[in-house]
Each structure stands twice: as structure tokens, then as C-alpha cells.
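S.K.: quick one: sequence plus predicted model below, questions after.
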Amino acid sequence: MTLTLKCQLCPKGCELAPGDSGNCRVRRNIDDKLVSIVYGYVCTAHIDPVEKKPLFHFLPGTKAFSIATAGCNLHCLNCQNWEISQSNPEDIQSSYCPPEKVVEMAEDGKCASIAYTYNDPVVFYEFAKDCSVKAHEKKIRNILVTAGYINKEPWKKLLEVVDAVTLDIKFINDENYQKVCTATLAPVQETIMATPKAGVHLEISNLVIPTMNDSTEDLRKLSKWIKENVGAQIPLHFLGFYPKYKMKNLPPTPAETLEKARKIAMDEGMQFVYIGNVMSGEGQNTCCPSCKKLLIERSGHSVIQNNVKDGKCSCGKEIYGVWK
Ligand code: SF4
Ligand SMILES: [Zn+2]
């Protein structure tokens, strides 16, 4: 018997006839079963500072063993990793690396965590989950770097084995989400809200693209939404855009625009707002929201000094994060 299967993993809800792959290219109907064809096939592996994810309030100064497979369920015109995310798994070089091996490599590299990143871990869901379980057995934490385009139930299950999520919200405008990323805003908002509810550390990033999402109105709306729905304590990273892939017609984000975004978010009450992909003094450091003392000084992805003690500032204010 041959069956058409509906994938329930992400809101795209692909219907797969026998032999078909979904919109992400890496989930296929094989012998009436939905199979993740990239399970264990790692195409990129690096040891990165955790700050590069970006995560600024999660084990600062530690290393994250970072892995990816082929495929993605989004097709952003400005994708920075399009060579892997927009490839068929057959077309790129991968090594077979089962979960035990991934964890062993993270241990060998003295990494405090494994980051599932570069392409979206949503599309290698089963592999990320199995690696995460094995990592916890060795006291290694798990980080998802994701666009958060996933259905509620699978997300809830994945959060059970994950310690931190850094989620890239692309636009606060649904039309642009569809036009640039082939996705929609509402499911991403659901994913964001579900994360701290599950007790998982959350940071949010937003790539600021000239003319697409850099208006005062959009930046204010985004900051307001985050504050009202997950709270002022969630670290927010505004990242600079560089012309890439199918969006080479727009200029890189000026540093002043990122400074403007940071100011707007802080005026809206967000407590920890950072600037990434360009050098910025204040936009890289963490200050206490109560007494304003400098808590963590950074330079690029390096931590210069960290004055957070037992999760607190010396004034007694608890600082949102995972510190040990
Ligand atoms: S995960 Fe892939 S196959 Fe499943 S619904 Fe999303 S795009 Fe389609
Ligand atoms: Zn303080």
C-alpha cells in the first residue's frame, strides 16, 4: 500500500506522496514512513564561542560545539548559510556522525554545550533530540539556534531536552515574513512564548535589514511585543545585515541604525539590548538594570570581565540567565 503522508513538524504541513521530499528537502516519504534523511549527516562542525550564537546570558566565555545538516524549512532571500540550508542533502558533503560521536567530539573540544545551528535544527529534529539526550548524560548543555518555525507539540517535546534557545524573529510584519522568508509570523510568536514557559533560557535576535524592518515603527512594535509577551528581561540582539544570496541589492545596515534600534528597545523598557555583526562599545556589554554597573564587558565574542556572582549583581539584583 502506498500512502500520502502529512508532515506535522512545521506549519508548512507538507503532504508527501511516496518518494517525495518536503519543502525543507530533507524529510521524505520512504516506504510509507516519514524519514529524516539527514539524521546523523553532519555537513558543518565548528567550535564557537557561545557568544557567537548569539547567547550573552548563557554560560558566558564557554565554547559551543556547533553542528548543522543540509536543508531548511525557510528559504530566506538573505540567508547567510544558503550553501547548506538551500541544498539537497545529496549535493553537499557530509560525514556520518551519530549522536554518541557528536557528544564525544564536544567533550574532546572541552565544550560546555552543543549548538544545533547554521541551518535550522527544526529540520533535523530527531537528530538534535537524540544528541541532546546523549549530551545531558555527559553534563553537556544543548542550544537551539532557530527561526522557530515549528508546530507547538513537537516544540514542547524538544524543549524537554534543551537548555537554551536563541531565536531569530525575522520581521514583526507578516507580509515581509512571507515575501522574504516563505514563513509566517504567528507560529514564530507561539514558539517564542512557549520557550520560557517550559523553563528554557531564551534570547531573541533580529537582523535589521535596511528598508525592510528598520523603521522606528517596526522596531518599536517588535520591542513592545517581546516585552509584553515574554518580558523585559529577555536579551535582545539587533544584528547587522550584509548583502548575501538573493538580497544583494540592499546595503549593509549602518551602525547608526543598530544604535537607533537599541535605543528604541531600551526606551520601551527592554533591559538587555545588544548589537551584533558590527563593533559596538556599549552595545556589547551587559549592565545591571537596577544600579547600571557594568556586569559583563565583551570585545567581539570574547568576555573581558564578568562581574555576575551567583546570578546577581553586587547590588543584589538577579540577572536573567544561566550562569553555571
Ligand atoms: S518540516 Fe519539512 S517536510 Fe515537514 S512540514 Fe516542514 S517543510 Fe514540510
Ligand atoms: Zn546592580
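M.R.: Looks like it arrived, so ask away. Ligands and ions are numbered 1, 2, ... in the order given.

S.K.: got a pLDDT number for the residue in the stretch 151-300 of the chain that ligand 1 sits nearest to?
M.R.: Residue nearest to ligand 1 within the stretch 151-300 of the chain: Asn151 (8.3 Å; Cβ to the nearest ligand atom). All C-beta atoms are positioned from the backbone trio N, CA, C, and that covers glycine. Here, the pLDDT recorded for Asn151 equals 98.

S.K.: could you do Met1 as well?
M.R.: In this model, Met1 is scored at 66, pLDDT.

S.K.: and the residue of the stretch 151-300 of the chain closest to ligand 1, what does it touch?
M.R.: Contact analysis of Asn151 by Cβ atoms under 8 Å, 6 or more residues apart in numbering lists Gln8, Leu9, Cys10, Pro11, Pro187.

S.K.: mind redoing it with 10 Å?
M.R.: By Cβ atoms under 10 Å, 6 or more residues apart in numbering, the contact set of Asn151 is Cys7, Gln8, Leu9, Cys10, Pro11, Lys12, Gly13, Val122, Pro187, Glu190, Thr191.

S.K.: again, but for Gly199
M.R.: Contacts here follow Cβ under 10 Å, 6+ apart; on that basis Gly199 touches Leu159, Glu160, Asp163.

S.K.: and the contacts of Asn151, which of them are buried?
M.R.: Cys7, Leu9, Cys10, Pro11, Lys12, Val122, Pro187, Glu190, Thr191 (16 or more other Cβ atoms under 10 Å).

S.K.: which among those gets closest to Pro54?
M.R.: For the buried ones among the contacts of Asn151, the minimum distance to Pro54 (Cβ to Cβ) is 17.6 Å, reached by Thr191.

S.K.: quick one: which of the contacts of Asn151 sit in helices?
M.R.: Secondary structure assignment (DSSP state H) places Pro187, Glu190, Thr191 from the contacts of Asn151 within helices.

S.K.: my guess is the second one meets Glu153, correct?
M.R.: Just to be clear, that refers to Glu190. No - under the contact definition of Cβ atoms under 10 Å, Glu190 does not touch Glu153, with a separation of 11.2 Å.

S.K.: ok, so of the ones in helices among the contacts of Asn151, who is nearest ligand 2?
M.R.: Of all the ones in helices among the contacts of Asn151, the one with the least separation from ligand 2 (Cβ to the ion) is Thr191, at 31.5 Å.

S.K.: helix/strand/coil for the nearest residue to the closest one once chain neighbours are set aside?
M.R.: The shortest distance from Thr191 to any residue that is not its chain neighbour, by Cβ to Cβ, 6 or more residues apart in numbering, is 3.5 Å, and that residue is Gly148. Using DSSP: H, G, I helix; E, B strand; the rest coil, the three-state assignment for Gly148 comes out as coil.
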